[in-house]
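*Asks:* have a look; sequence and predicted model below, questions after that.
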Amino acid sequence: MENPRNLNYPLGAIGNELLRLGETWQEKIPPIEVLVINRSSRLPGGLVGPGEAEYEDASMAGKRAIVAPLWEEVYSFGRWDDVLSHFRLDPAVAPTLATGRGLSLRSEGESREHKALKSFVADHPVTIGAPASTAPGETEFLFRSGDRADVLFRASREWIVAEVKSEISTPSDLERGLFQCVKYKALLEATLHAEQRCVSARTVLALANPLPNELIPLRNTLGVEVVVVDRGAA
């Protein structure tokens, strides 16, 4: 959802329903809504029920100390299927991977379309949500691991890696791009730690066309930020 604040009501409704169901079962049901976190703070916006006021007044470190055991309770709870049955809901279908659909990891060389989009993104940081003051990005950034990222932006408060997929990219290419963003996020965080830089790390999958519907569940599962580059607006 474009405005994360729109989730306040549905998340609160989920929390309240789980509290009521727990009272009926006479068993604590972990607050699954705490899995939804803010992209910047990596923490839930708030809690429902016991501890709500304490969480609201806590520092960032205090909030992490409060939610860490709640996350563990959610992951270890063994009756989520029973909860779904109670609310007459079906389990979510796991995202379908492109494996077996012609996925190839062989390098065929950089296409003209990919090179053009990569150069455009590097020259226009605002197209991937970087501050307007951000300097043009560095293309083919080489990590110490030997991995190369399409574009790296060094903004004042965050470094951003953009993985670029052009208009000729196949679903398999796009799926691989989602996983590459996960990898580059870890590599970027490691690089910043190694260089003792006090900035945050962010990765973006920059596309020429919208992500196919079949890959949206995977994007959501992996938590990858995807942007469609508007070359006419820059």
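*Replies:* Right, received. Where do you want to start? Treat the numbers as computed from the prediction; the structure is a model and nothing was measured.
*Asks:* for residue 156, list the residues it contacts.
*Replies:* 131, 133, 199 (Cβ atoms under 8 Å, 6 or more residues apart in numbering). For every residue, glycine as well, the C-beta is placed using N, CA and C.
*Asks:* neighbours around residue 125, how many?
*Replies:* Look at residue 125: counted by other Cβ atoms under 10 Å, it has 23 neighbours.
*Asks:* dump the contacts of residue 156 to JSON lines, plus neighbour count.
*Replies:* What follows is these, written out as JSON lines (neighbours: other Cβ atoms under 10 Å):
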{"residue": "131", "neighbour count": "13"}
{"residue": "133", "neighbour count": "9"}
{"residue": "199", "neighbour count": "15"}
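*Asks:* counting only strands, which of these make the cut?
*Replies:* Assignment to strands by DSSP state E places none of those there.
*Asks:* quick check, nearest of those to residue 58?
*Replies:* residue 199 (24.6 Å; Cβ to Cβ).
*Asks:* so the closest one makes contact with residue 158?
*Replies:* Yes - with contact defined as Cβ atoms under 8 Å, residue 199 reaches residue 158; the gap is 5.3 Å.
*Asks:* average pLDDT across stretch 8-15?
*Replies:* Stretch 8-15 comes out with an average pLDDT of 87.
*Asks:* flag every buried residue along that stretch.
*Replies:* Across stretch 8-15, burial judged by 16 or more other Cβ atoms under 10 Å covers 11, 14-15.
*Asks:* after the longest helix along the chain comes which helix or strand?
*Replies:* For the chain, the helix with the greatest residue count under DSSP state H is helix 171-194. Note on helix 171-194: by DSSP states H and E, the next helix or strand toward the C-terminus is strand 200-207.
*Asks:* give me the sheet partners of that following strand and which way each runs.
*Replies:* strand 158-165 (parallel), strand 225-228 (parallel) (DSSP bridges).
*Asks:* let's check: the centremost residue of the chain is which one?
*Replies:* Note on the chain: the residue nearest the mean C-alpha position is residue 223, at 2.4 Å, using Cα atoms, centre = their mean.
*Asks:* any idea how far residue 39 is from that one?
*Replies:* 9 Å (Cβ to Cβ, to the nearest Å).
*Asks:* and residue 13, by the same measure?
*Replies:* 22 Å.
*Asks:* same check, this time on residue 173
*Replies:* On the measure of Cβ to Cβ, residue 173 and residue 39 end up 25 Å apart.
*Asks:* have a look at those two and say which one is more surrounded.
*Replies:* Legend: neighbour count by other Cβ under 10 Å for residue 173 and residue 39, higher for residue 173 (15 against 9).
*Asks:* could I get the contacting residues of the closest residue in space to the more buried one that isn't next to it in sequence?
*Replies:* Leaving aside its sequence neighbours, residue 173 sits nearest to residue 165 (Cβ to Cβ, 6 or more residues apart in numbering; 5.9 Å). Residues in contact with residue 165, defined by Cβ under 8 Å, 6+ apart, are 114, 117, 173-174, 177, 205-208.
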